[in-house]
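Q: the following block contains a protein sequence and its predicted model.
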Amino acid sequence: MARLGTIPFFKDAGIELATFENRCHWRRFDENETLVDFDDISTDVYFIATGEVRILNRTQSGKEVILGEMRGGAFFGELAAIDGIGRSANVTALTRGEVCVVPASVFRQIVFASEAIADRLMRLLAKRVRELNTRLMEHALLDLRHRLYAELLRLSVPRAGAGGERVVTPPPYHHVLAARIGCRREQVTREFTAMAAEGLVDRTRGALVLRRPDLLEARVAEALREDS
């Protein structure tokens with residue numbers, strides 16, 4: 001079976017992927033390695049087999065804003081493959097891993113040849129636009145405190161065996177959260193101190209626990225209503 005078929009995005013494509021195999025290549029990457037950088041003219045699409053990467057943008061003043069992280073099964077670079085414009089973000093490895101690098105021409109041929117893949121791509125792009133709209137709304141309407149609440153909720157997952165609680169694993173560094181919501185590390189630290197005093201968060205070994213995610217959600221919703 002073509003190794004492309006092991007990539008979640010290409011599963012059940014309904015076409016013979018082996019014909020595209022020799023036009024793609026697999027490569028390993030190291031921690032802290034830059035896979036693509038701002039304004040690169042490359043148009044390849046990167047499918048993550050193993051490892052984790054961080055996507056960030058940079059303002060004209062040099063300030064970096066973290067857009068998110070991706071792990072095995074995800075992919076990036078599709079925008080450049082679609083429109084041929086230089087890279088809009090930096091992608092740097094957080095761990096060692098491996099990617100399948102698919103040239104733009106191959107990516108487009110597969111998408112046009114497979115209705116299932118085309119539908120998958122459209123749905124994924126629509127999801128990313130909706131997520132971006134949500135974050136833009138938060139940045140426009142919410143203050144620092146409520147942006148932090150929203151980001152923690154977005155990063156968290158339900159905590160097993162603890163009804164109602166959620167966890168962020170591993171616990172995020174304050175400077176990373178600051179880069180995600182557009183503020184300074186010291187401001188995040190102050191907010192965490194206030195949240196801990198209120199019993200909203202707690203740190204355990206290897207996780208940040210959100211004790212009252214329902215209350216955080218209610219506060220974010222109320223803040224959005226007040227500013228709408």
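A: Yep, that arrived. Numbers count the residues shown, from 1 in each chain.

Q: name the SS class of residue 107, please.
A: helix (DSSP: H, G, I helix; E, B strand; the rest coil).

Q: tell me, how many residues neighbour it?
A: 24 (other CB atoms under 10 Å). Backbone N, C-alpha and C define where each C-beta goes, glycine included.

Q: pretty sure it is touching residue 24, no?
A: No. Using CB atoms under 8 Å, residue 107 is not in contact with residue 24, being 9.2 Å away.

Q: any idea how many residues pack against residue 40?
A: When neighbours are counted by other CB under 10 Å, residue 40 comes out with 18.

Q: quick one, what contacts it?
A: Residues near residue 40 by CB atoms under 8 Å, 6 or more residues apart in numbering: 86, 87.

Q: sec struct for it, please.
A: Reduced to three states by three-state DSSP, residue 40 is coil.

Q: how much space separates the residue positioned nearest the centre of the chain from residue 143?
A: Most central in the chain under CA atoms, centre = their mean is residue 68, positioned 3.3 Å from the mean C-alpha point. Using CB to CB, to the nearest Å, residue 68 is found at 22 Å from residue 143.

Q: likewise for residue 29?
A: In this structure, residue 29 and residue 143 are 38 Å apart, going by CB to CB.

Q: more neighbours: which of the two?
A: Taking other CB under 10 Å, residue 29 and residue 143 do not tie; residue 29 has more neighbours (21 against 10).

Q: was I right about the more buried one contacting residue 101?
A: No. Applying CB under 8 Å, one finds residue 29 not in contact with residue 101, separated by 10.5 Å.

Q: what ranges do the strands span in this protein?
A: Secondary structure of the chain (DSSP state E): strands located at 25-29, 34-36, 45-50, 52-58, 64-71, 75-76, 90-93, 97-102, 157-158, 166-168, 201-204, 207-210.
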